[in-house]
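Chemist: this one's structure only:
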Ligand code: AMP
Ligand code: MG
(Lines give C-alpha, C1' and ligand atoms only; values in the text may rest on other atoms or scores of the structure.)
(Ligands and ions follow the chains in the order given, each with its own letter.)
Protein backbone atom coordinates (compact mmCIF):
# COMPACT_ATOMS: atom_id res chain seq x y z
CA UNK A 1 0.00 0.00 0.00
CA UNK A 2 1.28 3.48 -0.87
CA UNK A 3 1.44 5.70 2.21
CA UNK A 4 2.38 8.88 0.36
CA UNK A 5 0.84 10.68 -2.55
CA UNK A 6 3.15 11.33 -5.46
CA UNK A 7 3.04 15.04 -6.32
CA UNK A 8 3.50 15.73 -9.98
CA UNK A 9 2.55 19.41 -10.01
CA UNK A 10 -0.89 18.97 -11.55
CA UNK A 11 -2.73 20.12 -8.41
CA UNK A 12 -1.42 23.07 -6.34
CA UNK A 13 -1.20 22.03 -2.70
CA UNK A 14 -1.42 23.74 0.67
CA UNK A 15 0.56 22.20 3.50
CA UNK A 16 -2.33 22.67 5.93
CA UNK A 17 -4.15 19.94 3.98
CA UNK A 18 -1.53 17.40 5.12
CA UNK A 19 -1.79 16.08 8.67
CA UNK A 20 1.68 15.76 10.25
CA UNK A 21 0.22 13.18 12.70
CA UNK A 22 -1.02 10.85 9.96
CA UNK A 23 -0.05 7.20 10.51
CA UNK A 24 -2.35 5.28 8.13
CA UNK A 25 -4.09 3.75 11.16
CA UNK A 26 -1.04 1.63 12.01
CA UNK A 27 0.59 1.23 15.39
CA UNK A 28 4.30 1.63 16.02
CA UNK A 29 5.00 -2.08 16.40
CA UNK A 30 3.30 -2.99 13.11
CA UNK A 31 5.04 -0.08 11.42
CA UNK A 32 8.45 -1.25 12.59
CA UNK A 33 7.76 -4.81 11.42
CA UNK A 34 6.81 -3.52 7.98
CA UNK A 35 9.92 -1.34 7.88
CA UNK A 36 12.12 -4.36 8.57
CA UNK A 37 10.74 -6.18 5.51
CA UNK A 38 11.05 -3.09 3.35
CA UNK A 39 14.65 -2.55 4.47
CA UNK A 40 15.53 -6.08 3.38
CA UNK A 41 13.89 -5.45 0.01
CA UNK A 42 15.68 -2.11 -0.40
CA UNK A 43 19.00 -3.81 0.30
CA UNK A 44 18.32 -6.31 -2.50
CA UNK A 45 17.25 -3.50 -4.83
CA UNK A 46 20.46 -1.60 -4.11
CA UNK A 47 22.51 -4.65 -5.10
CA UNK A 48 20.67 -4.84 -8.42
CA UNK A 49 20.98 -1.10 -9.07
CA UNK A 50 24.71 -1.31 -8.34
CA UNK A 51 25.28 -4.43 -10.40
CA UNK A 52 23.30 -3.33 -13.46
CA UNK A 53 24.94 0.12 -13.47
CA UNK A 54 22.32 1.63 -15.74
CA UNK A 55 20.64 4.04 -13.32
CA UNK A 56 21.41 6.11 -10.27
CA UNK A 57 19.17 7.07 -7.37
CA UNK A 58 18.96 10.55 -5.91
CA UNK A 59 16.99 11.03 -2.71
CA UNK A 60 16.39 14.62 -1.64
CA UNK A 61 15.51 15.27 2.01
CA UNK A 62 14.16 18.64 3.02
CA UNK A 63 12.34 19.81 6.12
CA UNK A 64 12.40 22.36 8.86
CA UNK A 65 14.85 22.12 11.76
CA UNK A 66 14.18 18.97 13.87
CA UNK A 67 11.95 17.46 11.17
CA UNK A 68 14.10 14.31 11.19
CA UNK A 69 16.40 14.46 8.18
CA UNK A 70 19.31 12.91 10.10
CA UNK A 71 17.08 10.28 11.72
CA UNK A 72 15.58 9.23 8.38
CA UNK A 73 19.04 8.81 6.87
CA UNK A 74 20.21 6.74 9.82
CA UNK A 75 17.20 4.43 9.90
CA UNK A 76 16.17 4.05 6.27
CA UNK A 77 19.54 4.25 4.57
CA UNK A 78 21.59 2.74 7.43
CA UNK A 79 21.20 -0.87 6.23
CA UNK A 80 22.43 -0.06 2.72
CA UNK A 81 25.87 -1.08 1.47
CA UNK A 82 28.07 1.98 1.93
CA UNK A 83 30.07 0.94 -1.14
CA UNK A 84 27.46 2.46 -3.43
CA UNK A 85 25.74 4.95 -1.14
CA UNK A 86 26.72 8.44 -0.03
CA UNK A 87 25.19 11.29 1.90
CA UNK A 88 25.78 14.88 0.80
CA UNK A 89 24.93 17.56 3.38
CA UNK A 90 24.50 21.11 2.18
CA UNK A 91 25.30 23.85 4.66
CA UNK A 92 25.67 27.62 4.33
CA UNK A 93 27.62 27.99 1.05
CA UNK A 94 31.34 28.76 1.22
CA UNK A 95 32.84 31.80 -0.50
CA UNK A 96 33.95 29.58 -3.37
CA UNK A 97 30.48 28.07 -3.74
CA UNK A 98 28.89 31.51 -3.68
CA UNK A 99 31.22 32.60 -6.46
CA UNK A 100 29.48 30.04 -8.73
CA UNK A 101 25.90 29.44 -9.82
CA UNK A 102 23.76 27.81 -7.10
CA UNK A 103 23.72 24.40 -8.78
CA UNK A 104 27.50 24.15 -9.09
CA UNK A 105 28.09 22.56 -5.69
CA UNK A 106 25.01 20.37 -6.12
CA UNK A 107 25.90 18.89 -9.49
CA UNK A 108 29.26 17.67 -8.18
CA UNK A 109 27.51 15.51 -5.58
CA UNK A 110 24.96 13.78 -7.82
CA UNK A 111 25.17 9.97 -7.95
CA UNK A 112 27.00 8.16 -10.72
CA UNK A 113 25.54 5.08 -12.40
CA UNK A 114 24.85 2.31 -9.89
CA UNK A 115 25.09 4.70 -6.95
CA UNK A 116 22.67 6.14 -4.42
CA UNK A 117 23.12 9.65 -3.04
CA UNK A 118 21.04 11.17 -0.30
CA UNK A 119 20.89 14.94 -0.17
CA UNK A 120 20.57 16.18 3.41
CA UNK A 121 19.22 19.61 2.38
CA UNK A 122 19.77 20.47 -1.24
CA UNK A 123 19.46 23.00 -4.05
CA UNK A 124 16.00 23.74 -2.62
CA UNK A 125 17.64 25.78 0.17
CA UNK A 126 18.25 28.33 -2.59
CA UNK A 127 14.49 28.95 -2.88
CA UNK A 128 13.80 28.43 0.86
CA UNK A 129 16.23 29.97 3.36
CA UNK A 130 17.56 32.28 0.64
CA UNK A 131 14.07 33.55 -0.11
CA UNK A 132 12.90 33.82 3.48
CA UNK A 133 15.99 35.80 4.52
CA UNK A 134 16.19 37.79 1.29
CA UNK A 135 19.79 36.70 0.68
CA UNK A 136 19.43 37.50 -3.02
CA UNK A 137 17.14 39.79 -5.03
CA UNK A 138 13.58 38.53 -5.69
CA UNK A 139 14.12 38.06 -9.37
CA UNK A 140 17.17 35.87 -8.68
CA UNK A 141 15.38 33.25 -6.56
CA UNK A 142 12.22 33.45 -8.69
CA UNK A 143 14.19 32.33 -11.74
CA UNK A 144 15.52 29.32 -9.85
CA UNK A 145 12.40 27.13 -10.09
CA UNK A 146 12.93 26.88 -13.84
CA UNK A 147 16.64 26.28 -13.33
CA UNK A 148 15.88 23.49 -10.87
CA UNK A 149 13.34 21.85 -13.18
CA UNK A 150 15.77 21.94 -16.09
CA UNK A 151 18.58 20.58 -13.90
CA UNK A 152 16.47 17.71 -12.59
CA UNK A 153 15.31 16.91 -16.13
CA UNK A 154 18.95 16.72 -17.18
CA UNK A 155 19.68 14.28 -14.34
CA UNK A 156 16.60 12.19 -15.12
CA UNK A 157 17.50 12.03 -18.82
CA UNK A 158 20.90 10.70 -17.79
CA UNK A 159 19.26 7.80 -15.91
CA UNK A 160 18.81 9.30 -12.44
CA UNK A 161 15.74 8.22 -10.50
CA UNK A 162 14.82 11.22 -8.35
CA UNK A 163 12.61 11.15 -5.27
CA UNK A 164 12.16 14.23 -3.11
CA UNK A 165 10.82 14.14 0.44
CA UNK A 166 9.52 17.03 2.50
CA UNK A 167 9.42 15.95 6.15
CA UNK A 168 6.29 17.60 7.50
CA UNK A 169 6.15 18.35 11.24
CA UNK A 170 3.79 20.61 13.16
CA UNK A 171 4.92 23.75 14.97
CA UNK A 172 4.07 22.17 18.35
CA UNK A 173 6.07 19.07 17.55
CA UNK A 174 9.07 21.21 16.62
CA UNK A 175 8.89 23.00 19.97
CA UNK A 176 8.81 19.66 21.79
CA UNK A 177 11.84 18.44 19.89
CA UNK A 178 13.82 21.62 20.43
CA UNK A 179 13.10 21.44 24.16
CA UNK A 180 14.05 17.73 24.25
CA UNK A 181 17.40 18.50 22.68
CA UNK A 182 18.16 20.84 25.56
CA UNK A 183 17.54 18.01 28.03
CA UNK A 184 19.58 15.34 26.23
CA UNK A 185 23.36 15.63 26.48
CA UNK A 186 23.82 13.29 23.49
CA UNK A 187 21.95 15.84 21.38
CA UNK A 188 23.81 18.94 22.60
CA UNK A 189 25.76 19.03 19.34
CA UNK A 190 22.50 19.78 17.56
CA UNK A 191 21.62 22.75 19.76
CA UNK A 192 21.42 25.98 17.86
CA UNK A 193 19.93 29.31 18.85
CA UNK A 194 19.41 29.73 15.12
CA UNK A 195 16.70 27.03 15.20
CA UNK A 196 14.60 29.10 17.61
CA UNK A 197 15.15 32.14 15.41
CA UNK A 198 14.17 30.27 12.22
CA UNK A 199 11.00 29.17 13.97
CA UNK A 200 9.79 32.78 14.08
CA UNK A 201 9.72 32.64 10.27
CA UNK A 202 7.41 29.60 10.29
CA UNK A 203 4.76 31.08 7.95
CA UNK A 204 7.34 32.46 5.52
CA UNK A 205 8.87 28.99 5.28
CA UNK A 206 5.42 27.47 4.75
CA UNK A 207 4.86 29.72 1.73
CA UNK A 208 8.36 29.05 0.40
CA UNK A 209 7.89 25.28 0.76
CA UNK A 210 4.48 25.37 -0.89
CA UNK A 211 5.90 27.22 -3.89
CA UNK A 212 8.85 24.81 -4.17
CA UNK A 213 6.55 21.78 -3.96
CA UNK A 214 4.07 23.23 -6.44
CA UNK A 215 6.58 24.57 -8.96
CA UNK A 216 9.07 21.70 -8.86
CA UNK A 217 6.93 18.56 -8.73
CA UNK A 218 7.32 16.76 -12.01
CA UNK A 219 6.67 13.18 -13.16
CA UNK A 220 10.43 12.56 -13.39
CA UNK A 221 11.25 14.25 -10.07
CA UNK A 222 8.19 14.09 -7.81
CA UNK A 223 7.89 15.52 -4.30
CA UNK A 224 6.31 13.56 -1.46
CA UNK A 225 4.96 15.22 1.69
CA UNK A 226 5.90 12.92 4.58
CA UNK A 227 3.82 13.14 7.77
CA UNK A 228 6.72 13.30 10.22
CA UNK A 229 5.39 13.92 13.73
CA UNK A 230 5.68 10.17 14.34
CA UNK A 231 9.23 9.13 13.62
CA UNK A 232 8.39 5.46 13.03
CA UNK A 233 5.74 6.38 10.44
CA UNK A 234 8.07 8.86 8.73
CA UNK A 235 10.67 6.10 8.33
CA UNK A 236 8.13 3.59 7.08
CA UNK A 237 6.59 6.00 4.57
CA UNK A 238 9.95 7.02 3.11
CA UNK A 239 11.15 3.42 2.85
CA UNK A 240 7.91 2.26 1.24
CA UNK A 241 8.01 5.07 -1.30
CA UNK A 242 11.58 4.29 -2.34
CA UNK A 243 10.99 0.53 -2.60
CA UNK A 244 7.81 1.02 -4.66
CA UNK A 245 9.55 3.45 -6.99
CA UNK A 246 12.39 1.00 -7.63
CA UNK A 247 10.24 -2.12 -8.18
CA UNK A 248 9.41 -1.35 -11.84
CA UNK A 249 13.15 -1.26 -12.65
CA UNK A 250 14.06 -4.62 -11.15
CA UNK A 251 13.24 -6.70 -14.22
CA UNK A 252 15.44 -4.66 -16.53
CA UNK A 253 18.27 -4.61 -13.97
CA UNK A 254 18.11 -8.42 -13.70
CA UNK A 255 18.16 -8.70 -17.49
CA UNK A 256 21.15 -6.38 -17.68
CA UNK A 257 22.90 -8.43 -15.02
CA UNK A 258 22.18 -11.59 -17.05
CA UNK A 259 23.72 -9.98 -20.15
CA UNK A 260 26.81 -8.95 -18.16
CA UNK A 261 27.07 -12.47 -16.71
CA UNK A 262 26.79 -14.20 -20.08
CA UNK A 263 29.31 -11.82 -21.68
CA UNK A 264 31.88 -12.33 -18.92
CA UNK A 265 31.35 -16.11 -18.88
CA UNK A 266 31.96 -16.19 -22.63
CA UNK A 267 35.15 -14.15 -22.13
CA UNK A 268 36.32 -16.53 -19.39
CA UNK A 269 35.61 -19.56 -21.62
CA UNK A 270 37.52 -17.96 -24.47
CA UNK A 271 40.45 -17.29 -22.16
CA UNK A 272 40.48 -20.86 -20.83
CA UNK A 273 40.28 -22.19 -24.38
CA UNK A 274 43.20 -20.05 -25.53
CA UNK A 275 45.27 -21.42 -22.60
CA UNK A 276 44.52 -24.96 -23.69
CA UNK A 277 45.48 -24.35 -27.32
CA UNK A 278 48.73 -22.59 -26.21
CA UNK A 279 49.88 -25.71 -24.36
P1 LIG B 1 22.11 21.88 9.52
O2 LIG B 1 21.26 21.18 8.51
O3 LIG B 1 21.51 21.94 10.89
O4 LIG B 1 23.52 21.38 9.53
O5 LIG B 1 22.18 23.41 9.08
C6 LIG B 1 22.65 23.80 7.85
C7 LIG B 1 22.28 25.25 7.65
O8 LIG B 1 22.75 25.65 6.36
C9 LIG B 1 20.78 25.49 7.65
O10 LIG B 1 20.45 26.55 8.48
C11 LIG B 1 20.48 25.84 6.21
O12 LIG B 1 19.39 26.71 6.04
C13 LIG B 1 21.79 26.45 5.75
N14 LIG B 1 21.93 26.42 4.29
C15 LIG B 1 21.97 25.35 3.49
N16 LIG B 1 22.04 25.72 2.19
C17 LIG B 1 22.04 27.07 2.17
C18 LIG B 1 22.09 28.04 1.14
N19 LIG B 1 22.15 27.69 -0.13
N20 LIG B 1 22.10 29.35 1.51
C21 LIG B 1 22.04 29.70 2.81
N22 LIG B 1 21.98 28.84 3.82
C23 LIG B 1 21.98 27.54 3.53
MG1 MG C 1 20.29 22.23 12.48
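Modeler: On my side now, so go ahead. The structure displayed is predicted, hence computed values, not measured ones. Ligands and ions are numbered 1, 2, ... in the order given.
Chemist: C-alpha from now on. contacts and neighbour counts both.
Modeler: Fine.
Chemist: Share the number of residues neighbouring the closest residue to residue 68 other than its chain neighbours, please.
Modeler: The shortest distance from residue 68 to any non-neighbouring residue, by Cα to Cα, 6 or more residues apart in numbering, is to residue 167 (7.1 Å). Look at residue 167: counted by other Cα atoms under 10 Å, it has 24 neighbours.
Chemist: Which strand residues bridge residue 167?
Modeler: Beta-bridge pairing for residue 167 (DSSP bridges): residue 63, residue 226.
Chemist: residues contacting it?
Modeler: The contact partners of residue 167, taken as Cα atoms under 8 Å, 6 or more residues apart in numbering, are 61-64, 67-69, 225-228, 234.
Chemist: quick check, nearest of the residues you listed to residue 273?
Modeler: Taking Cα to Cα as the measure, residue 273 lies nearest residue 61 of those, at 52.1 Å.
Chemist: what's the span of stretch 54-67, first residue to last?
Modeler: One end of stretch 54-67 to the other measures 33 Å (Cα to Cα, to the nearest Å).
Chemist: what pLDDT does the closest residue to residue 85 other than its chain neighbours get?
Modeler: Distances taken as Cα to Cα, 6+ apart place residue 116 nearest to residue 85, at 4.7 Å, with adjacent residues excluded. In this prediction, residue 116 carries a pLDDT score of 98.
Chemist: Surely residue 116 touches residue 88?
Modeler: No - assessed by Cα atoms under 8 Å, residue 116 is found out of contact with residue 88, at 10.7 Å.
Chemist: who has more neighbours, those two?
Modeler: The residue with more neighbours, out of residue 116 and residue 88, is residue 116; 28 against 15, by other Cα under 10 Å.
Chemist: residue contacts, the more buried one?
Modeler: By Cα under 8 Å, 6+ apart, residue 116 lies in contact with 56-59, 84-86.
Chemist: Could you do residue 169 as well?
Modeler: 20-21, 64, 67, 227-229.
Chemist: out of those residues, which are buried?
Modeler: 20-21, 64, 67, 227-229 (16 or more other Cα atoms under 10 Å).
Chemist: so how many other residues sit close to residue 251?
Modeler: For residue 251, using other Cα under 10 Å, the count is 11.
Chemist: Spell out which helix or strand contains it, please.
Modeler: Assigned by DSSP states H and E, residue 251 belongs to helix 250-278.
Chemist: Please apply the same query to residue 38.
Modeler: Going by DSSP H and E, residue 38 is in helix 28-52.
Chemist: ditto for residue 61
Modeler: Per DSSP H and E: strand 56-63 holds residue 61.
Chemist: now swap in residue 87 and tell me
Modeler: strand 85-89.
Chemist: Neighbouring strands - and their directions - for that strand?
Modeler: Applying DSSP bridges, strand 85-89 is found paired with strand 116-120 (parallel).
Chemist: Also compute the angle for the partner strand relative to helix 28-52, please.
Modeler: Per axes from the mean of the first three to the mean of the last three Cα atoms, to 10 degrees, the angle that strand 116-120 makes with helix 28-52 is 130 degrees.
Chemist: and the angle from strand 116-120 to strand 56-63?
Modeler: Strand 116-120 runs at 20 degrees relative to strand 56-63, counting by the same axes, to 10 degrees.
Chemist: and this protein, which of its residues are near ligand 1?
Modeler: Counting by Cα under 6 Å from any ligand atom, the positions of the chain adjacent to ligand 1 are 90-93, 125-126, 129-130.
Chemist: try 5 Å this time
Modeler: 91-92, 125-126 (Cα under 5 Å from any ligand atom).
Chemist: Poorly predicted segments of the protein, please.
Modeler: Across the chain, the ranges flagged by pLDDT under 70 are 279.
Chemist: Name all residues that make contact with residue 220.
Modeler: Residue 220 is in contact with 152-153, 156, 161-162, counting by Cα under 8 Å, 6+ apart.
Chemist: 10 Å - rerun?
Modeler: 8, 149, 152-153, 155-157, 160-163 (Cα atoms under 10 Å, 6 or more residues apart in numbering).
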